[in-house]
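Novice: Sequence and predicted model, in that order:
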Amino acid sequence: MPVWERRMNDATAKLRIDKWLWYARFFKTRSLAAKVVSGGHVRVNGQKIAKSSHSISPGDVLTFPQAKEIRVVRIEVLGERRGPAPEAQTLYFDMTERKEKIPASPRFEGKGRPSKKDRRNLDLMKNTRLED
C-alpha cells in the first residue's frame, strides 16, 4: 500500500476543511468553500470555525448551509482527490433531515402569465363578445 494511501486511511489523518468540502462536492470551487468557512457559517462538532485551514478527521460532524437547506454530515473518509459524484458520496454519511419538497412555482389559477392555451381561450371569448 502506498504511503499516501496509508496516510489518508489512518484514523489520525487530518485534512483542511475547505479541501474536504470541495472533495465531497458540496461546493463547486475550493475558494467558494473557503469563503463559507471563513464567513463563520460552518460548525465542526458543534463548534463554529472561521478558518478554512481548520483540520478535520474521520468521525467529525459538519453543519453548514448549502443552497436553501442546512446540511449535517459525518465524515467517513478524508479522500485524496475530487473525483466523480458517486466517489464523493462515499466520503460522508448524510445526517440531514429531509423535509417534504414543495414545488418551486406552484401553478395558481389566474396568477402569473397565461399559457398559450389560456391566451387562445381569452381571444375566443373576446371575439364572441365583439360579434354580439
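Specialist: Received the coordinates, thanks.
Novice: confidence score at the closest residue to V44 other than its chain neighbours?
Specialist: Take V44 and drop its neighbours on the chain: the residue closest to it by C-beta to C-beta, 6 or more residues apart in numbering is D60, 5.5 Å away. Any C-beta I mention is one placed from the backbone N, CA and C, and that applies to glycine too. Looking at D60, its pLDDT is 96.
Novice: residues contacting T29?
Specialist: W22 (C-beta atoms under 8 Å, 6 or more residues apart in numbering).
Novice: before we move on, back to that, where's the residue nearest to V44 relative to K99, distance?
Specialist: 25 Å (C-beta to C-beta, to the nearest Å).
Novice: Point out where the protein drops to low pLDDT.
Specialist: Within the chain, the ranges that satisfy pLDDT under 70 run 1-11, 100-111, 129-132.
Novice: any chance you could map the helices in it?
Specialist: 3-9, 17-23, 30-38, 85-88, 116-131 (DSSP state H).
Novice: So which elements touch the fourth one?
Specialist: Helices and strands touching helix 85-88, by 3 or more C-beta pairs under 8 Å, 6 or more residues apart in numbering; DSSP states H and E: there are none.
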